[in-house]
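Undergrad: A structural model of the following input is requested.
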Amino acid sequence: MTNLSTARGCVVISRLSKSYGRLSALRSIDLVIAPGETVALLGPNGAGKTTMIDMILGLVRPDSGRISLSGMSPLRAGKAGVVGGMLQTGSLLPHLSVRELVTLVASMYPRPTEVEEVLRQTRTLELSERRTTKLSQGQIQRVRFAVALVGNPALLLLDEPTVALDVEARRDFWSAVESVVEAGKTVIFSTHYLEEADAYADRIVLLAHGEIVADGPATEIKARVGGRTIRATLPGVGLLELSATPGVISADRRGDAVILYCSDPETALRALLDRFPSVHDIEVKGAGLEDAFLALTSDQSPSRAERS
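TA: Sure thing, here's the model as predicted:
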């Protein structure tokens, strides 16, 4: 029977804590990520996402706790080529072509992936003879992805990989990531684009004030918030009157359209139809990931240990 903690690509984090002066970035985090999972780290600014990624990569030492990557410490895992990272900061080496850069990085690992395969997988083959100083921002991100991937890591960490990319470039990037996932690699990524987490993550770990406040599939996290919204066309009715409708918590208006935030959508819908027969174009939607994100992080406060 395979020991999960030593399986390639597995992450085991136990009681992990890190502080910067009086600021607690992470507070006794426990987390296990199985091989082959795609996990999104979400949270507001300062929640601890980048600190966690930096510690998994061995770039930052924890104050306490333990990280095991395929049964190894982060530093050993990095040297063995088990883990690869794409960080928010850092630039590509100048005066090299893309192929030369990826080849150079490949030479640093014991069992790298073939450079040609990585260039194809990350859609950088057509850029391979171009100098790194002659790339657009979207192309730079694809090359940085190739650099992270060429060491043949079982675990890949991506910290805000699509920041500053346009919609088309983001779509191309995630298409490349999906090909990596299909090859069985474990992927952990942080992002401020919640739709990316909803679309590409098997599991979401939501951080606030250095603590995990939710952990599970996007559908499960959205269901924790509960509530639904009703959107309809209803001109000429005031927000106070709409807010007083049974089952409605609050109301908003966008031109002739109204949005009702409901605690009991069935009651609200019946009351809406009874009270306002002219209502039409009705849509009922469940809570989105943004709703869950705001609800689960806005009410969180620092742990009792810090307050005491």
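Undergrad: so, low pLDDT: which residues of the stretch 151-300 of the chain?
TA: Within the stretch 151-300 of the chain, the segments meeting pLDDT under 70 span 226, 299-300.
Undergrad: 50 - rerun?
TA: Applying pLDDT under 50 to the stretch 151-300 of the chain flags residues 300.
Undergrad: which elements pack onto the helix or strand hosting residue 266?
TA: Element membership for residue 266, per DSSP states H and E: helix 265-275. The contact analysis (3 or more C-beta pairs under 8 Å, 6 or more residues apart in numbering; DSSP states H and E) places helix 265-275 against strand 228-233, strand 257-262, strand 280-286. Any C-beta I mention is one placed from the backbone N, CA and C, and that applies to glycine too.
Undergrad: those strands: which one's closest to residue 74?
TA: Proximity of the helices and strands packed on helix 265-275 to residue 74 was assessed by C-beta to C-beta; the nearest stretch is strand 280-286, lying at 38.6 Å.
Undergrad: and the closest one, how far from the chain's centre?
TA: Its chain's C-alpha centre and that of strand 280-286 lie 29 Å apart, by C-alpha atoms, centre = their mean, to the nearest Å.
Undergrad: and that strand, what does it pack against?
TA: Using 3+ C-beta pairs under 8 Å, 6+ apart: strand 280-286 touches strand 228-233, helix 265-275.
Undergrad: what residues does the first one touch?
TA: When you say that, I think you mean strand 228-233. With C-beta atoms under 8 Å, 6 or more residues apart in numbering as the test, strand 228-233 has contacts from 256-262, 265, 268-269, 272, 279-287.
Undergrad: next SSE downstream of that strand?
TA: Using DSSP H and E, the next helix or strand after strand 228-233 towards the C-terminus is helix 239-243.
Undergrad: packing partners of that following helix?
TA: Counting by 3+ C-beta pairs under 8 Å, 6+ apart, helix 239-243 packs on strand 248-254, strand 257-262.
Undergrad: how about the helix holding residue 266: buried residues?
TA: Neighbour-count burial for helix 265-275 flags 265, 268, 269, 271, 272 (criterion: 16 or more other C-beta atoms under 10 Å).
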